[in-house]
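> got a sequence here, can you model it:
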Amino acid sequence: MTTATSTPTVPAAAATATMAQAFNTALRHALRDDPSVHILGEDVGTLGGVFRITDGLAAEFGDDRCTDTPLAEAGILGTAVGMAMYGLRPVVEMQFDAFAYPAFEQLVSHVAKMRNRTAGRLPLPITIRVPYGGGIGGVEHHSDSSEAYYAHTPGLHVVTPATVEDAYGLTRAAIASDDPVVVLEPKRLYWSKSVWSPEQPAAVAPLGRAELRRPGTSAVLITYGPSLPVCLEAAEAAAEEGWDVGVLDLRTLVPFDDRTVCEVVRSVGRAVVVHEASGFAGVGAEIAARITERCFHHLEAPVLRVTGFDIPYPPPMLERHHLPGVDRILDAVARLQWED
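From the prediction side, this is the model:
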């Protein structure tokens, strides 16, 4: 398996950093600030993870705080459940999206239900990190977009950062939460860069808060995670057609920020939801339904979706056709204008 290069730490002063470095710094600061935080997963220790997100953490904090596990996802998450019951804050890495499915029974039956089952007496502050999505030329089992499974499971929070800043901020907020949080890390953005410092005032991002990345008056593209850059590119291209298209980054899928989404949609009257996962019964369908229910009298056209196709993830040479691209997004925006 091909692995990424080593990830150095980020200095306190503002500097250019990658998303991978921001994740690494968030984990390092969580380990430093709270002795109850423990990281566990396949190859997270000596190797530093296949994407080097945990690089250097075992050397700095010891392999009892950053621990390599057997290749058994159900066992990893089951161990984390026991750790959380005894007062620790485990951070689990599932290595790849589709590798997490063997642990799904633990997630649904125990992680998501324990607080409710014990009438609030026993929360499980577990953070489950899942690198997800396509765009890296990965084969089957390495490019799934599994967010709908997690978002449909009551008792879980689900976040998916799309920027370097949010990689740090949402990860810190997830680890600090007393509820279990699934952090979906868009692996195609691990090497995206930004001028960033973890010491800036807004470093820890609140859960459940969307962010308008680009204002617009013609329509708004609603997206999250790996689809944010392509939506921003599509908005730039739309300007050449005379359309002023905004881009709203959800950041958190659960809890969902109905207030911000509805405010933005009501102000423009047209919306397109964009995500990599298959369209049928996907997160985009829920978003479209919520917008229709809450904003019906403000809509100038139906809420449209641009998604991955309803097929198993294709071979690497075909993924550029499968993933939402600028042309497909612009086609949807054009349909919104036509509906007027």
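
> and the residue lying closest to Glu185 once chain neighbours are set aside, what does it touch?
Leaving aside its chain neighbours, Glu185 sits nearest to Pro131 (4.8 Å; criterion: Cβ to Cβ, 6 or more residues apart in numbering). (C-beta placed from N, C-alpha, C; glycine too.) Neighbouring residues of Pro131 by Cβ atoms under 8 Å, 6 or more residues apart in numbering: Phe51, Met94, Gln95, Phe96, Asp97, Glu185, Pro186, Lys187, Tyr190.

> kindly reformat the residues you listed as CSV containing secondary structure and neighbour count.
Compiled in CSV, those are given as follows (DSSP: H, G, I helix; E, B strand; the rest coil; neighbours: other Cβ atoms under 10 Å):
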residue, secondary structure, neighbour count
Phe51, coil, 24
Met94, coil, 25
Gln95, coil, 22
Phe96, coil, 20
Asp97, helix, 24
Glu185, strand, 27
Pro186, strand, 26
Lys187, helix, 27
Tyr190, coil, 21
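
> tell me where the stretch 1-150 of the chain has strands.
15-18, 37-41, 66-68, 89-93, 127-132 (DSSP state E, counting those that start in this stretch).

> and the third one, how far out from the chain middle?
Computed by Cα atoms, centre = their mean, to the nearest Å, the separation of strand 66-68 from the middle of its chain amounts to 23 Å.

> the fourth one now?
Distance of strand 89-93 from the chain centroid (Cα atoms, centre = their mean) equals 16 Å.

> buried ones in stretch 44-54?
Val44, Gly45, Gly48, Gly49, Val50, Phe51, Arg52, Ile53, Thr54 (16 or more other Cβ atoms under 10 Å).

> can you check the distance spanned by that stretch, start to finish?
6 Å (Cα to Cα, to the nearest Å).

> pLDDT on it, on average?
On average, the pLDDT along stretch 44-54 is 96.

> isn't Gly45 right next to Cys66, touching?
Yes: counting by Cβ atoms under 8 Å, Gly45 touches Cys66, with 5.4 Å between them.

> what is in contact with these two at once?
Taking Cβ under 8 Å, 6+ apart as the criterion, Gly45 and Cys66 both touch Thr54, Leu57, Ala58.
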